[in-house]
Structure formats: structure tokens, C-alpha cells
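Trainee: Need the 3D shape of this:
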Amino acid sequence: QVQLVESGGGLVQAGGSLRLSCVASGRSFGSYAVGWFRQAPGKEREFVAAINRISGRKQYVDSVKGRFTISTDNAKNTVQLQMNSLQPEDTAVYYCAAGAIATYESSSYDYWGQGTQVTVSS
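Mentor: Okay, here's the model as predicted:
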């Protein structure tokens, strides 16, 4: 089992920044890939970014490219999502997830965190 805990959410004005963290505990995090997803009220869960923690390969949804950066600190079993130039449409609950491959498909992830709220005011 892998437990994931997100932190770093909060309220920020448009144009501001937040840094989300996803810390893993439990069995060895090992080579699990990590993805970030978000879900806004009344909307379906959306892929945001993913990283292969071995190769370092990263993926982003088009709407966050150039603004968000996913990174990993394997020594600390932590994956972070640096979010810059935040916009009201980024408002959502953000979840991290761990799985065998880094993909935009949420069904490929085996473990999920409880989520952290990000609210961007205009």
C-alpha cells in the first residue's frame, strides 16, 4: 500500500503562485509514476500533469503548459506541482495519484490522495 498526502493548497489572487506537494508513505514508493489531477465543482476530474520518477519524463495538459511545473524529489518520496500565473479557471480540488506509468488516464493510477483545495480569485 502507498499513502499519498497532498498539501499546499489555498486561496490566491489571479496571477499568483502556489506550490503543491504530494508526500508518499507506506510501502516503498519505488518506481511509481505520479500524476496530478483536478476536479472543479460540477465538472469531471481532469488530468493536469504527470511525471515518470525514473526517467524524469513529464506530461502536461495544454491549459497549464508554461505555467505549471511538476518535479520529483525521490529521496524524500515527494512530488511537487509548482503553479504560476494562476487563473480563476484553475480553481479545483487537486489530487495526486501513483501508478505504474505516467499517463493522463486516471484509471491507470492505483493510489490517490485526499486532495487539496486551490481557489483563485479574480
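Trainee: show me where pLDDT drops low in this structure?
Mentor: When residues are selected by pLDDT under 70, those of the chain lie in 28.
Trainee: Would you point out which residue is most central in it?
Mentor: Taking Cα atoms, centre = their mean, the centroid of the chain lies closest to residue 36, which sits 2.6 Å from it.
Trainee: I'd like the distance from residue 31 to residue 53, if you could.
Mentor: Distance, residue 31 to residue 53, using Cβ to Cβ, to the nearest Å: 7 Å. C-beta: built from backbone N, CA, C; applies to glycine.
Trainee: Also residue 76?
Mentor: 12 Å.
Trainee: which of the two has more neighbours?
Mentor: Neighbour count, other Cβ atoms under 10 Å: between residue 76 and residue 53, residue 53 has more, with 20 against 12.
Trainee: So that one, which state does it fall into?
Mentor: coil (DSSP: H, G, I helix; E, B strand; the rest coil).
Trainee: Skipping adjacent residues, who's closest to it in space?
Mentor: Nearest residue to residue 53, sequence neighbours excluded (Cβ to Cβ, 6 or more residues apart in numbering): residue 72, at 4.8 Å.
Trainee: likewise residue 36?
Mentor: Nearest one to residue 36, counting by Cβ to Cβ, 6+ apart, is residue 48 at 4.3 Å.
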